[in-house]
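Asker: Fold the following, please.
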Amino acid sequence: MATRHLARTIVLQSLYEWDFYHKETDLLKIVDRNLQGLGQDIDEPDFVLRLVKGVVDHWSELDKTITQTAPEWPLEQIAMVDRNVLRIGLYELLYANRNEVPAKVAINEAIELAKNYGGSNSPKFINGVLGTVYRSANKPEEENK
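Answerer: Predicted structure coming up:
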């Protein structure tokens, strides 16, 4: 497993646990424990920390984007794994350094997380939401007028 994919897996597991306990636990302790237990082969643990921090710092904006993009799915009705995969993918798509994580890589990685940890319809749902956001964020100038 590529190191960045493993890093995203650790971020997903950490956010899932934190979300499951309604943010009543220390996220950094969860991340540290998961890095110790699963991330011995990660050569850039700072990527995990940047990703977690970015998702948390933009949590409300990410949730608003999910709600606007998938209005037929209230946030609390989206499976917890899918919600957190979307948060990671949207953060990388909208806020991460594009030179570090190209948009299509962010989308593909989120789909892979959904395939590995979500339900049978998760990859299609994740792809639909992220694809819609990507297309709307990358419209030609004349279409935005």
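
Asker: Residue 109: what's it in contact with?
Answerer: If you count contacts by Cβ atoms under 8 Å, 6 or more residues apart in numbering, residue 109 has them with 4-5, 8, 89, 92. Using the backbone N, CA and C atoms, a C-beta is placed for each residue, glycine as well.

Asker: From those, list just the buried residues.
Answerer: Buried members of the contacts of residue 109, counted by 16 or more other Cβ atoms under 10 Å: 4, 8, 89, 92.

Asker: Can you tell me the closest non-neighbouring residue to the second one?
Answerer: Distances taken as Cβ to Cβ, 6 or more residues apart in numbering place residue 109 nearest to residue 8, at 5.6 Å, with adjacent residues excluded.

Asker: Which element, helix or strand, includes that neighbour?
Answerer: helix 103-117 (DSSP states H and E).

Asker: Any buried residues in that helix, and which?
Answerer: Of all the residues in helix 103-117, those buried under the rule 16+ other Cβ under 10 Å are 103, 106-107, 109-114, 117.

Asker: Many thanks, we can stop here.
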